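Engineer: Got a predicted model here, sequence first, then my questions.
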Amino acid sequence: MAILSGPGLLYTLRLHWKKSTAGAIVFVAGGYYGIDRFRAHLIRRSYCQRAKVYSEELLSHPTDNNRRMMVFLNPAVDRGNPRKLFQKNVAPILHMAGIDVTVVESEYEGHLRTLMGYMDKGLSGIVIAGGDGSIQEAVTGLLRRTDESSIASVPIGIVPMGKSNSLAGKLFRSEASDVRRLCDAAFSIVAGQTQPLDVMSLKSENKSQPAVFSVGLLQWGLFRDTDRTLDKFWWTGRFRGFSAYLWRTIKGPWPHQRHISVTVPETQAQQSADQPGAASTVAADLRQGVDTAALQVCTPLASDDKLDQITMKIWPANVNKNSFIGYGWRKHVLRQPTEDLPTAFELTGTEFQLNLPEDEVSWFSIDGEMYEAQSVKITLLPKKLKIFVPER
């Protein structure tokens with residue numbers, strides 16, 4: 001008796017095309033997920049094997065194998081589960097290298113500044129697992145200590161886990177995957193290669209207020225105020241940056257002009273008198289005061305400047321709307337390196353006195369952290385700290 005064959009596979013797929021399509025999508029997505037997980041596993045294993053080589057070398061020199069480090073982890077950073085990221089991608093590499101690691105989690109905003117005051121200066125290194133704000137808090141806490149000159153010799157490791165990782169972006173490969181960047185950061189700590197880091201000090205006229213320190217940039221005015229509104233446009237998805245910049249040109253006065261003045265030390269102006277666009281050519285105008293929409297002050301690392309100088313950019317009061325919207329599109333949607341809008345003044349030096357209006361409340365963004373804006377003396381502290389960097 002002949003056995004009747006049923007309908008073929010193609011016929012079944014065509015008959016149930018909706019289920020077949022859904023199943024194919026799930027199958028392909030699961031395949032890509034599995035491949036990514038396997039690649040991440042290979043990356044972690046490779047770095048752990050390299051760290052083990054360092055551990056064996058240290059064990060061959062018993063007097064040099066006592067490496068103690070303290071990790072300060074910010075569990076509130078806006079990036080998945082930071083504890084899990086650290087335990088899965090960073091901790092195994094440090095342990096394989098034979099480093100004695102103690103992990104301390106911050107519990108509230110400003111906690112890292114307090115923790116830095118109790119840190120043992122006999123450590124082999126400090127590791128900051130967080131974003132730009134966490135680094136800024138830690139640096140400020142370190143340099144406010146009475147023994148800051150000795151504690152500054154303890155190298156700092158950066159593990160990028162925050163929403164904004166500008167400093168880490170200068171140190172590690174920006175095109176690498178998240179797993180590889182975390183492993184790169186961990187292995188730079190294991191390798192122990194360091195380089196000096198310039199720090200910017202901001203001291204107000206109120207002597208009762210302690211100085212604030214920055215390793216990146218200070219922002220004030222139009223760009224800073226607009227960037228702080230991005231979360232309000234979450235419903236626009238990846239276009240929230242563009243939406244915020246567009247809405248800023250529609251709502252309220254355009255632009256919100258403010259009057260500021262900048263004082264440049266005479267010695268600094270004289271030293272740069274022969275340079276085109278130098279501080280001496282604009283010092284008189286800035287001392288009298290100018291109207292501006294925004295300003296930005298960068299450390300040498302943040303501005304990619306090879307010289308040990310601060311860069312101050314002051315934008316004109318009449319920023320073009322179309323250029324402003326285009327800048328927001330390139331910065332937040334395309335995420336491409338973008339040329340800044342034309343500035344009215346651009347200064348370089350090691351010290352500035354910035355005077356702001358006292359009749360209205362405004363805010364600084366210092367490495368992503370909010371501080372109430374006021375007149376401040378800005379000073380560059382060259383090569384003040386040491387940070388772990390990738391092997392060259």
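Structural biologist: Happy to help now that I have it. Numbers count the residues shown, from 1 in each chain.

Engineer: for K377, what are its contacts?
Structural biologist: The contact partners of K377, taken as C-beta atoms under 8 Å, 6 or more residues apart in numbering, are S201, L202, K203, S204, E205, E351, F352, Q353, L354. Heads up, the C-betas are built off the backbone N, CA and C, glycines and all.

Engineer: Redo those as JSON lines? Include secondary structure and distance to I35.
Structural biologist: Output for the contacts of K377, formatted as JSON lines (DSSP: H, G, I helix; E, B strand; the rest coil; distance: C-beta to C-beta, whole Å):
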{"residue": "S201", "secondary structure": "strand", "distance to I35": "48"}
{"residue": "L202", "secondary structure": "strand", "distance to I35": "47"}
{"residue": "K203", "secondary structure": "strand", "distance to I35": "53"}
{"residue": "S204", "secondary structure": "strand", "distance to I35": "53"}
{"residue": "E205", "secondary structure": "coil", "distance to I35": "58"}
{"residue": "E351", "secondary structure": "strand", "distance to I35": "53"}
{"residue": "F352", "secondary structure": "strand", "distance to I35": "52"}
{"residue": "Q353", "secondary structure": "strand", "distance to I35": "56"}
{"residue": "L354", "secondary structure": "strand", "distance to I35": "52"}
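
Engineer: Which ChimeraX command selects the buried ones in these?
Structural biologist: In ChimeraX, this line selects whichever of those come out buried by 16 or more other C-beta atoms under 10 Å:
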select :201,202,204,352,353,354
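
Engineer: Reformat the contacts of K377 as TSV; add pLDDT and distance to D308.
Structural biologist: Compiled in TSV, the contacts of K377 are given as follows (pLDDT from 0 to 100; distance: C-beta to C-beta, whole Å):
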residue	pLDDT	distance to D308
S201	92	14
L202	92	17
K203	92	19
S204	89	24
E205	83	25
E351	88	12
F352	90	15
Q353	89	19
L354	90	20
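
Engineer: Nearest to V361 among the contacts of K377?
Structural biologist: Taking C-beta to C-beta as the measure, V361 lies nearest S204 of those, at 14.7 Å.

Engineer: So the closest one versus D359, what's the distance?
Structural biologist: Per C-beta to C-beta, to the nearest Å, S204 is found 17 Å from D359.

Engineer: What are the buried residues along the longest strand seen in the chain?
Structural biologist: Taking DSSP state E as the criterion, the chain has its longest strand at strand 376-388. Residues of strand 376-388 classed as buried: V376, I378, T379, L380, L381, K384, L385, K386, I387, F388 (neighbour count, 16+ other C-beta under 10 Å).

Engineer: Grab the two from those residues that are most spread out in space.
Structural biologist: Of all pairs in these, the most separated under C-beta to C-beta is V376 and F388 at 29.8 Å.

Engineer: so V127 sits right up against R67, yeah?
Structural biologist: No. Using C-beta atoms under 8 Å, V127 is not in contact with R67, being 11.7 Å away.

Engineer: the domain parsing of this protein - what is it?
Structural biologist: For the chain, automatic domain parsing gives the domain ranges 26-197, 217-366.

Engineer: Take these and write them to CSV, including distance to A211.
Structural biologist: Output for the domains of the chain, formatted as CSV (distance: least, C-beta to C-beta, whole Å):
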stretch, distance to A211
domain 26-197, 7
domain 217-366, 11
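
Engineer: Which of these comes out lowest on mean pLDDT?
Structural biologist: Among the domains of the chain, domain 217-366 has the lowest mean pLDDT, at a mean of 80.
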